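Novice: Pasting the sequence and the predicted model now:
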Amino acid sequence: MEFFLDTGIIEEIKEAALLGIVDGVTTNPTLIAKTGRKQEDVIREICQIIDGPISAEVIATDYEGMMKEALVLAEIHPNVVVKLPLTEAGIRTCKELSDKSIKTNVTLCFSVNQALLAAKAGATYISPFIGRLDDIGQNGNDLIAEIRQVYDNYGFTTKILAASVRHAFHVREVALIGSDVATMPLSALKALYKHPMTDKGLEAFLKDHANANKK
Ligand code: G3P
């Protein structure tokens with residue numbers, strides 16, 4: 001399973017990179033807006049820190065505009081993955097880009113039918129937003145399971161990238177289901193280390209060691 005960091009904040013990416021277990025980074029227009037910088041500059045800097053897939057999203061909503069932006073984004077670095085919304089224009093653009101061997105991440109996926117369209121269009125990644133489904137009283141993990149089943153039924157190679165992951169329990173659930181990737185904020189990544197029994201056990205080991213080595 002691959003771990004991506006879901007942020008545009010360079011300090012967070014540098015901190016996570018030190019752990020050595022971050023495979024890629026995803027951004028979106030909201031995350032880029034939080035940096036107060038131009039997307040191109042942020043993406044270029046991220047590509048110098050993490051040697052893996054880096055998602056950068058188009059802003060245009062029409063096919064011509066998406067294609068234009070996508071080609072500019074793809075030129076930034078070979079690791080750039082063009083993120084496209086799951087709309088008619090987005091799926092058309094996805095097909096065109098995959099025919100050109102440009103990597104794509106189809107985002108804002110909320111149904112298995114939408115995921116099926118993205119796979120048909122040759123998407124490299126599909127991003128189902130599980131936290132936002134939970135927000136409206138649906139079960140985001142069920143969507144990951146449905147997509148896993150449909151993709152496996154037909155041998156689609158599009159990778160499931162669980163997105164809108166908010167906490168460690170989401171990571172646990174999508175890992176059990178078989179999501180290929182989970183993209184998460186730094187807080188969720190760091191929460192994966194945590195277990196009270198680990199803390200308690202370590203405290204006892206250190207205490208016993210100190211007692212045994214008293215003069
Ligand atoms: O990867 C998509 C993610 O950034 C959306 O997360 O928490 O805004 O639903 P959230």
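Specialist: Perfect, I can see it now. Numbering: from 1, shown residues only.

Novice: can you list the weak-confidence ranges in this protein?
Specialist: Counting by pLDDT under 70, the chain contains no low-confidence range.

Novice: rerun at 90
Specialist: 214-215 (pLDDT under 90).

Novice: tell me which parts of it are close to the ligand?
Specialist: Contact residues, the chain versus the ligand (CB under 6 Å from any ligand atom): 6, 26, 28, 129, 131-132, 163-164, 166, 183. (C-beta placed from N, C-alpha, C; glycine too.)

Novice: Distance to residue 92, neighbour count and secondary structure added to those residues, as CSV?
Specialist: As requested, the residues of the chain next to the ligand are arranged in CSV below (distance: CB to CB, whole Å; neighbours: other CB atoms under 10 Å; DSSP: H, G, I helix; E, B strand; the rest coil):
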residue, distance to residue 92, neighbour count, secondary structure
6, 26, 24, strand
26, 22, 26, strand
28, 20, 21, coil
129, 21, 18, strand
131, 28, 16, helix
132, 24, 15, helix
163, 22, 30, strand
164, 24, 22, coil
166, 31, 18, coil
183, 25, 26, strand
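
Novice: Number of residues surrounding residue 59?
Specialist: 11 (other CB atoms under 10 Å).

Novice: Would you indicate which residues of whichever strand or helix holds residue 81 are buried?
Specialist: Using DSSP states H and E, residue 81 maps to strand 80-85. For strand 80-85, burial by neighbour count (16 or more other CB atoms under 10 Å) applies to 80-85.

Novice: which other residues reach it?
Specialist: 24, 26-28, 43, 47, 53-58, 61, 66, 70, 73-74, 90-91, 93-94, 97, 102-108, 124-125, 127 (CB atoms under 8 Å, 6 or more residues apart in numbering).

Novice: what's the following helix or strand after that strand?
Specialist: helix 88-99.

Novice: Output that next one as PDB, nothing but the C-alphas.
Specialist: Taking Å, rounded to 0.1, in the frame of the first residue of the first chain, the C-alpha atoms of helix 88-99 are listed here in PDB:
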ATOM      1  CA  GLU A  88     -17.800  14.800 -18.700                       C
ATOM      2  CA  ALA A  89     -15.000  17.200 -19.700                       C
ATOM      3  CA  GLY A  90     -12.800  15.700 -17.000                       C
ATOM      4  CA  ILE A  91     -13.300  12.100 -18.300                       C
ATOM      5  CA  ARG A  92     -12.800  13.200 -21.900                       C
ATOM      6  CA  THR A  93      -9.600  14.900 -20.900                       C
ATOM      7  CA  CYS A  94      -8.500  11.900 -18.900                       C
ATOM      8  CA  LYS A  95      -8.900   9.600 -22.000                       C
ATOM      9  CA  GLU A  96      -6.900  12.100 -24.200                       C
ATOM     10  CA  LEU A  97      -4.100  12.400 -21.600                       C
ATOM     11  CA  SER A  98      -3.900   8.600 -21.000                       C
ATOM     12  CA  ASP A  99      -3.600   8.100 -24.700                       C
END
